[in-house]
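Peer 1: predicted coordinates and the sequence they were generated for:
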Amino acid sequence: MTDVLVVTGTGTEVGKTVATAAVAALAVERGRRVAVLKAAQTGVGPGEEGDAQTVERLVPRVTTDETVRYPDPLAPARAAARVGREGPAAWEVTDRALDLARGHDLVLVEGAGGLLVRLNAAGETLADVAELLSAPVLVVADPRLGTLNATALTAEALRSRGLVPAGVVVGSWPREEEEADLAMRCNLDDLPDMGAGPLAGVLTEGMGGLAPRAFAEAARRSLGPGLGGTWEPPGRA
């Protein structure tokens, strides 16, 4: 059977696309056929690089797709309304993911923003997609102050729907360790207690600018064994 993993964030601009690419890169290294689906792309026009294209640039051997694309940098439902559309239905995203599953071993479905950002006028969200797919959900979290509450709320929303949290990956960790403040360092200890599963990796900011081979090496160092990498949480290395 094909594995399906949904990737969400605690908010926007937290490193969700790079995290998706990192998981994909390590799966490809293990010989798996990987597809990445962007549930809804906003903020880019025709021919511009969206999140799916970013993943393809970083991991050339993956298949990428996006359900819809809207030019305004807004939540999908609002961006769709501005061009006279309703936004993608949860079943449309699900069907696209299942189509990809027929020819791949792993399908990663990346959301837009956080878990409960509205995809369409009916108010459906990525959580509805995860329910239809019966898929676990990986949470990508901001490293900064405030992330504990956002992660706990995301975890509560997941569990209230019977969804399985697949763990937390911290995105955009400072490249220079001295730039990580006290709150960031403490968050690494506290995030596993927020209900979204174990800390599954820490990604360094700027990884999205690496060449594919260097990106795969960085992904291996940054993700834990559960996602195919060698990273260990603080206190366990």
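Peer 2: Done, it's in.
Peer 1: how about the helices in the chain?
Peer 2: Along the chain, counting by DSSP state H, helices occupy 16-29, 51-58, 76-81, 90-101, 126-133, 147-160, 182-190, 212-222.
Peer 1: export the fifth one to PDB, keeping only CA atoms.
Peer 2: Okay, so that is helix 126-133. Output in PDB follows, covering the C-alpha atoms of helix 126-133 (Å, rounded to 0.1, in the frame of the first residue of the first chain):
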ATOM      1  CA  LEU A 126      -6.700  20.400   5.300                       C
ATOM      2  CA  ALA A 127      -8.100  18.600   8.300                       C
ATOM      3  CA  ASP A 128     -11.000  17.400   6.200                       C
ATOM      4  CA  VAL A 129      -8.500  16.200   3.500                       C
ATOM      5  CA  ALA A 130      -6.600  14.300   6.200                       C
ATOM      6  CA  GLU A 131      -9.800  12.700   7.400                       C
ATOM      7  CA  LEU A 132     -10.800  11.600   3.900                       C
ATOM      8  CA  LEU A 133      -7.300  10.100   3.300                       C
END
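Peer 1: what's it packed up against?
Peer 2: The helices and strands touching helix 126-133, judged by 3 or more C-beta pairs under 8 Å, 6 or more residues apart in numbering; DSSP states H and E, are strand 3-9, helix 90-101, strand 106-114, helix 147-160. To be clear about C-beta, it is placed using only N, CA and C from the backbone, and glycine gets the same treatment.
Peer 1: what's next to that helix, contact-wise?
Peer 2: Contact partners of helix 126-133, identified using C-beta atoms under 8 Å, 6 or more residues apart in numbering, comprise 4, 6, 8, 39, 90-91, 93-94, 97-98, 109, 111-112, 115-117, 119, 136-137, 157-158, 161-163.
Peer 1: again, 6 Å this time
Peer 2: The set of residues external to helix 126-133 that reach it, using C-beta atoms under 6 Å, 6 or more residues apart in numbering, is Val4, Val6, Thr8, Ala90, Val93, Thr94, Gly111, Leu115, Val137, Arg161, Leu163.
Peer 1: that older thread, name the stretch among the helices and strands packed on helix 126-133 that sits most buried.
Peer 2: The highest mean neighbour count among these belongs to strand 106-114 (a mean of 26), with neighbours defined as mean count of other C-beta atoms under 10 Å.
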